[in-house]
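A.B. asks: build me a model:
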Amino acid sequence: MKWTASTRMLTLAALALACSSSWGGAGDGLVNTAHDFTSNPNVTLTGGRGSVGLCTFCHTPHSAVSTQLGWNHTLSKNVFDYGVAATTAGTPYPKIKGDTYKGPSVKCLSCHDGSVAIGDVASFRQGAGVLSADKIGSNGFAVNRQVGASGNMAGSHPVAMPYPLYRTANTYNGITSGAQLAANDWVPDPTTNNIRLYSDDGAGNIVPAAKAGATGIECSSCHDPHNKASRDEFFLRGMLGGGTQASGYLCAQCHAKGY
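C.D. replies: Predicted coordinates:
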């Protein structure tokens, strides 16, 4: 094909349309999303809009709560409990303490359990302080955004638990997949479907990478908290609607039930 000015324009237009209509992947940002507290009307900021940076509510370059992620937000002191001993496959449910567990889920719960103010951070402008006293479940934040209130995780999808990577038993957070696990009910490797899996080294250090025999799930396995271009609302990595893996239906990205 001969490349003329008109064909180049048409090609560029097609590329622009494809990019604008497709999921952009990680790093598309959180400006003007529900996690942008600098513009969220439910958050009353000390000093007003523009007084604090977009990232400060969770991250800081100095004086962080923990070195990993430069985590700035005060962690919940709740012990999160599912209220039952094990799944129907015999996999034990965890009890995780909000300010000691190393997995990323407790960072999500430090806001979403409603016990800690959104602006309760370790460091801002070289000093500690509350940038906002608002909490999930108050001041316009719907209670249905609240997960793990008072440590109660009953009725919530489990996190901090093993995923049967490659359809075999895995051990994660000290928990091993139950003996009644039906391996064929699981997608062998859901990371190929945009699901994020984690692994630990047996000493409590958890990293975002699947590892044979030591893989598990966290809140951010299904939610991408930084990504305005996530596939559906609630920062989901899959779709709320649908019924097949090919359609992007979130549940089908991990659960192989013959949808």
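A.B. asks: use CA for all of it now, contacts and neighbours both
C.D. replies: OK.
A.B. asks: ok, residues contacting stretch 51-68?
C.D. replies: With contact meaning Cα atoms under 8 Å, 6 or more residues apart in numbering, stretch 51-68 is reached by 31, 36-38, 45, 69-74, 118-124, 131.
A.B. asks: let's see that with 6 Å instead.
C.D. replies: Outside stretch 51-68, the residues that touch it by Cα atoms under 6 Å, 6 or more residues apart in numbering are Gly70, Trp71, Asn72, His73.
A.B. asks: same check on stretch 230-244?
C.D. replies: Contact with stretch 230-244 is made by Cys222, His223, Asp224, Pro225, Gly248, Tyr249, Leu250, Tyr259, as judged by Cα under 6 Å, 6+ apart.
A.B. asks: next one: that stretch to chain centre, how far?
C.D. replies: 13 Å (Cα atoms, centre = their mean, to the nearest Å).
A.B. asks: what about that stretch, how long is it end to end?
C.D. replies: End-to-end distance for stretch 230-244, by Cα to Cα, to the nearest Å: 18 Å.
A.B. asks: buried set for that stretch?
C.D. replies: For stretch 230-244, burial by neighbour count (16 or more other Cα atoms under 10 Å) applies to Ser230, Arg231, Asp232, Phe234, Phe235, Leu236, Arg237, Gly238, Met239, Thr244.
A.B. asks: now the phi/psi pair for the last one, please.
C.D. replies: With angles defined as degrees, to the nearest 10, Thr244 sits at phi -130, psi 160.
A.B. asks: gap between it and Gly258?
C.D. replies: From Thr244 across to Gly258, the span is 8 Å (Cα to Cα).
A.B. asks: helices of the stretch 1-150 of the chain, residue ranges please.
C.D. replies: Secondary structure of the stretch 1-150 of the chain by DSSP state H, counting those that start in this stretch: the helices cover 5-21, 105-112.
A.B. asks: one step back: now, of the contacts of stretch 230-244, which are buried?
C.D. replies: Judged by 16+ other Cα under 10 Å, buried ones among those: Cys222, His223, Asp224, Pro225, Gly248, Tyr249, Leu250.
A.B. asks: tell me which of those fall in helices.
C.D. replies: The helices, defined by DSSP state H, take in Cys222 from those.
A.B. asks: going by distance to Thr171, which of the buried ones among the contacts of stretch 230-244 wins?
C.D. replies: The nearest member of those to Thr171, counting by Cα to Cα, is Cys222 at 19.7 Å.
A.B. asks: which residues touch that closest one?
C.D. replies: Cys222 neighbours (Cα under 6 Å, 6+ apart): Leu236, Arg237.
A.B. asks: the same query, at a cut-off of 7 Å, please.
C.D. replies: The contact partners of Cys222, by Cα atoms under 7 Å, 6 or more residues apart in numbering, come to Ile195, Arg196, Leu236, Arg237.
A.B. asks: cool, Leu45 as well?
C.D. replies: Applying Cα under 7 Å, 6+ apart, the residues near Leu45 are Leu131, Ser132.
A.B. asks: repeat that for 10 Å
C.D. replies: Phe37, Thr38, Ser39, Ser51, Val52, Gly119, Val130, Leu131, Ser132, Ala133, Asp134 (Cα atoms under 10 Å, 6 or more residues apart in numbering).
A.B. asks: now the two most distant members of those residues.
C.D. replies: Ser39 and Val130 (17.1 Å).
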